[in-house]
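*Asks:* give me a model of this one.
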Amino acid sequence: QVQLVESGGGLVQAGGSLRLSCTASGRTFSSYAMGWFRQAPGKEREFVAAITRSGSGTDYADSGKGRFTISRDNAKNTVYLQMNSLKPEDTAVYYCAASRLVFTTTHHEYDYWGQGTQVTVSS
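*Replies:* From the prediction side, this is the model:
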């Protein structure tokens, strides 16, 4: 069992930056691929970014390419999402998730989810 706790969300003006963190319980963090997803009101949950177990590989949704960076520190059991040049359309609840697979961007292939952190970008 893995428990995930996100932090770092908040209110920011358009063009600003936020760094989300997600800390996992347990001693097997490096055994999981990690991902970030988001869900805006009235919309389905969508993929944002993912990172391999070792951190050597990453992938991003087109909406975040060039603006978002996912990284992880396996010694700290933590995955990060650095978000720059934020836009009002980035407003959503952001969730981190852990997958037993080597790497995936598909939400139903993630096994554990955090409770989410709200990101609001004002125009």
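*Asks:* quick one: the strands in the protein?
*Replies:* For the chain, strands defined by DSSP state E occupy the ranges 4-7, 10-13, 18-24, 33-39, 46-51, 58-60, 68-73, 78-83, 92-99, 112-113, 117-122.
*Asks:* could you pull up the mean pLDDT of the third one?
*Replies:* What that stands for is strand 18-24. Averaged over strand 18-24, pLDDT sits at 98.
*Asks:* next one: the fifth one
*Replies:* Per-residue pLDDT values across strand 46-51 average out to 98.
*Asks:* tell me which residue is most central in this structure.
*Replies:* Trp36 (2.4 Å; CA atoms, centre = their mean).
*Asks:* tell me the contacts of that one?
*Replies:* 20, 22, 48-50, 70, 79, 81, 94-97 (CB atoms under 8 Å, 6 or more residues apart in numbering). For every residue, glycine as well, the C-beta is placed using N, CA and C.
*Asks:* what's opposite it in the beta bridge?
*Replies:* On the basis of DSSP bridges, Trp36 is bridged to Ala49, Cys96.
*Asks:* gap between it and Thr52?
*Replies:* Trp36 sits 14 Å away from Thr52, taking CB to CB, to the nearest Å as the criterion.
*Asks:* how much space between the closest residue in space to Leu86 that isn't next to it in sequence and Gly15?
*Replies:* Of all residues not flanking Leu86 in the chain, Val121 sits nearest, at 4.6 Å (CB to CB, 6 or more residues apart in numbering). Using CB to CB, one gets 9 Å for the distance from Val121 to Gly15.
*Asks:* of the two, which one has the most company?
*Replies:* Val121 (20 against 11; other CB atoms under 10 Å).
*Asks:* ok, back up a step: let's have the strands of the chain in TSV, adding distance to Thr105.
*Replies:* Output for those, formatted as TSV (distance: least, CB to CB, whole Å):
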stretch	distance to Thr105
strand 4-7	17
strand 10-13	25
strand 18-24	16
strand 33-39	7
strand 46-51	5
strand 58-60	6
strand 68-73	11
strand 78-83	14
strand 92-99	10
strand 112-113	15
strand 117-122	20
